[in-house]
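Asker: turn this into a model:
(chains A and B)
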Amino acid sequence: MRKTRLFSLLAVVLAVAMLGSVCAFAAGEDAEEVTITYANFNASGGNEETLQKMYEAFHEEYPNITVEIETIASADYFTTMQTRVAGGTAPDCYELNIENFAAYANNGALEEITGVDLSGLDDTALSAFTVDGKQYGLPGNFSNVLLFYNKDLFDQAGVDYPTADWTQDDLQAAAEAIRALGDDIFGYYQPLTYNEFYKVAAQFGGSLLNEDKTEFTINAPENVAAAQMMADRVLVSNVQPTDVQMGGIGDWDLFMSGRLGMIPTGIWAFNTFTEGCDFDWDVAVEPGQVQKATHFFSNACVINAKSEHKDAAATWITWLTSSPKSAEIRIEAGWDLPAIKDQDTLAGYLDITPPANREAVFDSLNYLVVPPVIEDYSMMSDLIGESLSAAASGTITVQEALDQAQSQCESAINLG
Amino acid sequence: MKRRKRNDGPGRDGLLRASPFLLPSLIGLMIFSLLPLLISVGISLTDWNGLDSIGAPGFFREHFIGLDNYRTILTGGEFWQVLKNTGTYIVLYIPGMLVMSLMVAFLLSREHRGVLVFRVIYYLPVLTSWVAASLIWTTMLSPQYGAVNNILSLFGIKGPGWLLDPKWAMPAIVLVSIWKDMGFFGLILLSGMVDINKSYYEAASLDGAGAWTKFMRITLPLMTPAIFYVLIVSLINAFQLFPQIMIMTDGGPYGATQVMVERIYKYGFRYFRMGYAAAFSWILFVIIMTCTAIQMKAQKRWVHYDS
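Answerer: This next block holds a predicted model:
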């Protein structure tokens, strides 16, 4: 008897409490206060304050959304995130690089991004972060690769500066003329690494996977031709230094020392080269072969599938990646490029020199190649990279290296 | 001789009294070492990718693949290649380290002026972090501009490509590891050396033994317990070779320095194959266990305990 009464009392209390919370919810729906967490690695080492500034601008527009930003150094970031995702303690939204993106998306760790306006974002950049046609990530920052060249060395060798119409053959001719200037002067530096290889392969009309990503095509004839040209530049014409000729100094240092004619590298080199080069330099769109293909690097902002505040998280990452205000702060700080379509916002970026031909940054956006994203991306890139480095040193032929990479990838990776 | 009943065990009473003091660290050990250890056995029987939540209901049933991971590892070529690389390291490292440590111990046991300064100098690399040491050595071993090859060239020797050359990368790693470890092992050997009763040497001198004979006939045999300890610890360390590899070569060039723990790390955290990585670590555990057991068994043949 007493027990029942206690029970009904409890029921009433519970009912009242529930009613109360429903009322509170209805009243505050418009400006419900939420706090979300956002983890990233890209702001570490210099842009923590820039990101904070972006957040402050965001918070002015959306005072009801508080974002707790966690910036982790990239060396520890991915181990940390993997552990947190597996342990169910991942932040509401976070940043992923392209190597890890597909693995996370395929394992259900990410929420599809819907219900937000993505029309301001660059289509190629967006397409890099889709899986089976679903958008799982937004391109946060964005950078590409250009051909940087030393004008002084071109003048000394008496060759014309690179133009946007150049092919790999034009580049080879110029590189040979510059190499002839001296024993320790080199024409070009493009290491036979995985990243450079898949791009040059695309310039030759090849690719690492077939169209629907069900089979590897690593040793296709176009790819072999591309890798052969890259290896020959080191081993045959030697317009490019071998590892031993490099002697352990960095490729940027070689360029800044004035002993390298041309180098394809990222636009993040602008500030370093401006400070470090005591000669004239400029940039051009990278040369192509049967077609042009230029690199594109981007990190994705993603939403945790287990987040309780997915809408707020989507609002924040959409603002962060595509709003004019955020883009403006990013450009001002020189922190990569925002992946947006709006040319007016990007205009401020063009006014800064050197390089004089800064438009090349946008011109090369027309030829972007997206990395062949698969779930086992890191394993594929390590296996191919290892074989290529053996070919670059001349221990095996290019054909052998790509055959080996093909069979290793086929046996180790299930493309499903 | 009748065996004396030893009385240094804790006894039931002592255990009871000690347990409140032991419990906190025991609980820590259970939660952070023993439990993960046991769970990793389970993980090694699954195809867990390291991202899915393993606490989810039905996880184990869905992902259980039996001994497949072990079978794939042991039948694939990679494991044996990696084992061979690890073996190369051990074969070069252990004798080299032992000779160098003995030398350090011998030099530091002499009572000349400033020996304390030298003890500090030899011990400094031990205290240095592997990351810093590896970065400095990477620069020093640079083929063209590095200090090592520059010094060699003074003697007319053309140095190899070291970390860039598949034949020389592992010897280079060995070199750096010996440099880093000889202070530590030297110190252990030194303590074994100074523990030797001086009267043996006096007796030997009276019998007309020279320095070399004394070293070979007295010092070395009586140091065998210390050498035995050094061998056990260094072999276990050698199998777990990792930080210097990750920083100096990352397993390259062309896989010449891929070793067990490096593979385990890459499979677990780079390739999202945590089950496979767990199986790999248990295979490593069995290998280390076996080697240590063999060493323990074999010690009777060569280790002399004084008294």
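
Asker: and residue B:52, what is it in contact with?
Answerer: Neighbour list for residue B:52: A:86, A:107-108, B:59, B:63 [criterion: Cβ atoms under 8 Å, 6 or more residues apart in numbering or on different chains]. For every residue, glycine as well, the C-beta is placed using N, CA and C.

Asker: quick check: longest helix of chain B.
Answerer: helix B:77-109 (DSSP state H).

Asker: so which residues on chain A come close to chain B?
Answerer: With Cβ under 8 Å from any Cβ of the partner chain as the criterion, chain A comes near chain B at residues A:78-79, A:82, A:85-88, A:103-104, A:107-109, A:243-249, A:375-376, A:378-379, A:382, A:386, A:389-390, A:393, A:395.

Asker: mind running it again at 6 Å?
Answerer: Taking Cβ under 6 Å from any Cβ of the partner chain as the measure of proximity, chain A contacts chain B at A:79, A:82, A:85-86, A:88, A:103, A:107, A:109, A:243-244, A:247-248, A:378-379, A:386, A:389-390.

Asker: can you select the buried ones from those in PyMOL?
Answerer: Here is the PyMOL command that picks out the buried ones among these, judged by 16 or more other Cβ atoms under 10 Å in any protein chain shown:
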select buried, chain A and resi 82+85+86+103+107+109+243+247+248+378+379+386+389+390
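
Asker: show only the entries of the residues of chain A next to chain B found in helices.
Answerer: Where these overlap with helices, as defined by DSSP H, the overlap consists of A:79, A:82, A:85-86, A:103, A:243-244, A:378-379, A:386, A:389-390.

Asker: least confident of the residues you listed?
Answerer: Lowest pLDDT within those is found at residue A:244 (77).

Asker: packing partners of the longest helix of chain B?
Answerer: Where contact means 3 or more Cβ pairs under 6 Å, 6 or more residues apart in numbering or on different chains; DSSP states H and E, helix B:77-109 is packed against helix B:169-194, helix B:220-239.

Asker: neighbouring contacts of whatever helix or strand comes next after the first one?
Answerer: This points to helix B:169-194. Towards the C-terminus, the helix or strand next in line after helix B:169-194, according to DSSP states H and E, is helix B:198-206. Contacts of helix B:198-206 with the rest of the structure, by Cβ atoms under 6 Å, 6 or more residues apart in numbering or on different chains, involve B:214, B:218.

Asker: state the mean pLDDT of the next helix or strand after helix B:198-206.
Answerer: Downstream of helix B:198-206, the first helix or strand assigned by DSSP H and E is helix B:211-214. If you average the pLDDT over helix B:211-214, you get 87.

Asker: what's the spacing between helix B:211-214 and its chain's center?
Answerer: Put simply, helix B:211-214 sits 31 Å off its chain's centre (Cα atoms, centre = their mean, to the nearest Å).

Asker: same check, this time on stretch A:266-275
Answerer: Here stretch A:266-275 is found 17 Å from its chain centre; the criterion is Cα atoms, centre = their mean.

Asker: just checking, what packs against the longest strand seen in chain A?
Answerer: If each strand of chain A is counted by residues according to DSSP state E, the longest one is strand A:138-150. Under the contact criterion of 3+ Cβ pairs under 6 Å, 6+ apart, the helices and strands touching strand A:138-150 comprise strand A:260-266, strand A:281-284, strand A:296-303, helix A:310-322.

Asker: and among these, the most buried is which?
Answerer: Highest mean neighbour count of the helices and strands packed on strand A:138-150: strand A:296-303, a mean of 25 (counted as mean count of other Cβ atoms under 10 Å in any protein chain shown).

Asker: note down every partner strand of that one and its orientation.
Answerer: strand A:93-97 (antiparallel), strand A:138-150 (antiparallel) (DSSP bridges).

Asker: residues touching the last one, excluding its own?
Answerer: Counting by Cβ under 6 Å, 6+ apart, the neighbours of strand A:138-150 from elsewhere in the structure are A:125, A:162, A:261-268, A:279, A:281, A:283-284, A:286, A:294-299, A:301, A:317, A:321, A:336-337, A:339, A:360, A:364.

Asker: got the CA positions of that strand in PDB?
Answerer: Output of strand A:138-150 as PDB, limited to C-alpha atoms (Å, rounded to 0.1, in the frame of the first residue of the first chain):
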ATOM      1  CA  LEU A 138      33.300  20.500 -46.400                       C
ATOM      2  CA  PRO A 139      36.600  21.800 -47.800                       C
ATOM      3  CA  GLY A 140      38.000  24.000 -45.000                       C
ATOM      4  CA  ASN A 141      41.100  25.400 -46.500                       C
ATOM      5  CA  PHE A 142      42.500  24.800 -49.800                       C
ATOM      6  CA  SER A 143      45.800  25.100 -51.600                       C
ATOM      7  CA  ASN A 144      47.300  24.100 -54.900                       C
ATOM      8  CA  VAL A 145      50.600  23.600 -56.600                       C
ATOM      9  CA  LEU A 146      52.300  25.900 -59.100                       C
ATOM     10  CA  LEU A 147      55.500  25.800 -61.100                       C
ATOM     11  CA  PHE A 148      57.900  28.200 -59.200                       C
ATOM     12  CA  TYR A 149      60.900  29.400 -61.200                       C
ATOM     13  CA  ASN A 150      64.100  31.300 -60.700                       C
END
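
Asker: and the helix or strand just after it, how far from the chain's centre?
Answerer: Tracing the chain past strand A:138-150, the next element assigned as helix or strand by DSSP H and E is helix A:151-157. Taking Cα atoms, centre = their mean, one finds helix A:151-157 lying 32 Å from the centre of the chain it belongs to.

Asker: torsion angles phi and psi at whichever residue of the stretch 151-300 of chain A sits closest to chain B?
Answerer: Nearest residue of the stretch 151-300 of chain A to chain B: residue A:247, at 2.4 Å (Cβ to the nearest Cβ). The phi and psi values for residue A:247, taken as degrees, to the nearest 10, are phi 60, psi 30.

Asker: in three-state terms, how would the residue of the stretch 51-200 of chain B found nearest chain A be classified?
Answerer: The stretch 51-200 of chain B approaches chain A most closely through residue B:144 (2.4 Å), counting by Cβ to the nearest Cβ. Three-state secondary structure (criterion: DSSP: H, G, I helix; E, B strand; the rest coil) places residue B:144 in coil.

Asker: thank you kindly, that will do.
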